Every structure is written in C-alpha cells, then in structure tokens.
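> below is the sequence, then the predicted model.
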Amino acid sequence: MRILVYGAGVIGSIYAARLHAAGQQVTVLARGPRLQEIQKQGIVIEEQPGGRRIVARVPVVAELRTEDGYDLALVAVRRNQLDGVLPVLAHNQNVPSVLFLVNNASGPDLLTRALGRERVLLGFPGTGGTLQEGIVRYGAIRGRLGHTTIGELHGRTTDRLLSVSAAWRQAGLPVAICSNMDAWLK
C-alpha cells in the first residue's frame with residue numbers, strides 16, 4: 001500500500017516508522033526543523049518501556065502536489081491545523097482514502113465538505129508519546145500498543161477498511177473497526 005503520512009509529530013512518526021518497517025510504501029509530509037531531522041537521520045522511534053528502536057529511512061516531502069498519488073493519506077495533525085491541510089488534500093484527487101487520526105469531537109462535517117464523504121475515514125490513535133531531540137519515545141501497555149480505532153462514516157466494514165486494518169496488523173499495530181466512529185470520537 002502506498003501511504004502518505006501527513007504530519008511528522010509523535011503520532012505520524014510512530015505510524016510511519018512501524019508501517020515502513022512492515023514493508024508498506026510510506027512517504028512522510030513534514031515541514032521546518034522536523035523535515036530536516038527526517039532528511040538527516042530518518043524517523044527514529046523508541047518503544048517504552050524496553051527501548052526497542054526503529055530507524056525508518058522513509059521518503060520525506062514538504063508538500064503534497066496535485067499530481068502525487070497514494071492509496072491512503074493518514075492525517076496526523078492537531079485539530080487546529082486542519083484548516084491548512086484540507087485545501088491541499090481537496091486539490092489532490094489522486095488519494096482516494098484519507099484517514100484522519102485527529103481528536104475531533106465536532107463531527108466530520110468540516111472533513112466531508114472539503115473532501116467528500118467517499119474519501120473520509122475516521123480514526124483515533126492507539127498510542128502516544130514525546131518527541132525530543134529527534135527521537136519519538138512512545139508508550140506500550142504491558143508490551144502491547146493500544147488499539148487504533150477506525151471506521152467508515154456510514155458504519156459498514158468495507159474493503160478499504162479491511163485493507164487498512166491488514167496493513168496495521170502487519171506492522172504490529174492493533175486495530176479495532178468501529179461501526180460509529182463519529183459517536184466514538186464524541
């Protein structure tokens with residue numbers, strides 16, 4: 001699966017590194033100092049406790065061009081950054097599925113107005129951590145990551161949802177499919 005991870009903070013870095021290590025074709029969109037860190041050293045994540053470290057040398061870009069194509073865009077930005085992200089994603093029609101791992105209790109209307117209902121998937125990450133000196137240290141509970149919860153707006157389990165779930169599981173990222181992600185997020 002060709003995956004664009006839009007946002008290279010803690011959440012984006014964890015998912016990008018784990019998916020890349022599992023063999024997915026991952027590209028990360030980053031900006032500023034984080035872009036330079038990834039260009040220089042790759043994405044470095046370290047599981048806590050235990051210290052298992054992954055260094056993922058993923059392609060990194062500073063922008064999503066209109067002609068760029070991916071099977072999935074994983075958006076891992078803060079809610080207050082969506083206003084800058086949505087127009088970029090709307091201009092690119094070569095990404096059919098956009099999974100928002102954004103803490104957004106206000107519902108999907110903003111997302112669907114920008115992208116259309118058919119492109120939007122909702123989710124919530126199963127882990128968190130800190131980013132210090134270019135290294136993401138992230139938490140596991142008793143040696144396991146929490147479940148990433150994902151779902152379609154209409155609540156059905158679709159082929160694309162199953163494809164995302166399979167990629168996550170292959171990367172050692174537990175996943176749960178939810179039939180009402182909007183309510184779950186609220």
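Happy to help now that I have it. Numbers count the residues shown, from 1 in each chain.
> so which residues of this structure form helices?
Assigned by DSSP state H, the helices in the chain fall at 10-21, 32-41, 82-91, 109-115, 159-170, 181-185.
> name the stretch among those helices that sits most buried.
Counting by mean count of other Cβ atoms under 10 Å, helix 10-21 has the highest mean neighbour count of these, with a mean of 26. From N, CA and C alone the C-beta is placed, and that goes for glycine too.
> which helices and strands does that helix pack with?
Counting by 3 or more Cβ pairs under 8 Å, 6 or more residues apart in numbering; DSSP states H and E, the packing neighbours recorded for helix 10-21 are strand 2-6, strand 25-29, strand 43-48, strand 53-56, strand 72-75, strand 129-132, strand 135-139.
> find the nearest non-adjacent residue to Arg57, please.
Gly42 (4.2 Å; Cβ to Cβ, 6 or more residues apart in numbering).
> quick one: contacts for the one you found?
55-58 (Cβ atoms under 8 Å, 6 or more residues apart in numbering).
> show me the one of the helices of the chain that comes nearest Leu122.
helix 181-185 (3.8 Å; Cβ to Cβ).
> correct me, but Ala22 touches Gln170?
Yes - when contacts are counted by Cβ atoms under 8 Å, Ala22 is listed as touching Gln170 (4.6 Å).
> find the centremost residue of this structure, please.
Leu74 (3.4 Å; Cα atoms, centre = their mean).
> distance check, that one against Gly50.
Going from Leu74 to Gly50 by Cβ to Cβ, to the nearest Å gives 25 Å.
> try Ala76
23 Å.
> between these two, which one's more packed in?
Ala76 (25 against 9; other Cβ atoms under 10 Å).
> please name the nearest non-neighbouring residue to the more buried one.
Closest to Ala76 by Cβ to Cβ, 6+ apart is Gly12, at 3.7 Å.
> ok, now which ones touch that neighbour?
Contacts of Gly12 (Cβ under 8 Å, 6+ apart): 5-6, 28, 74, 76-77.
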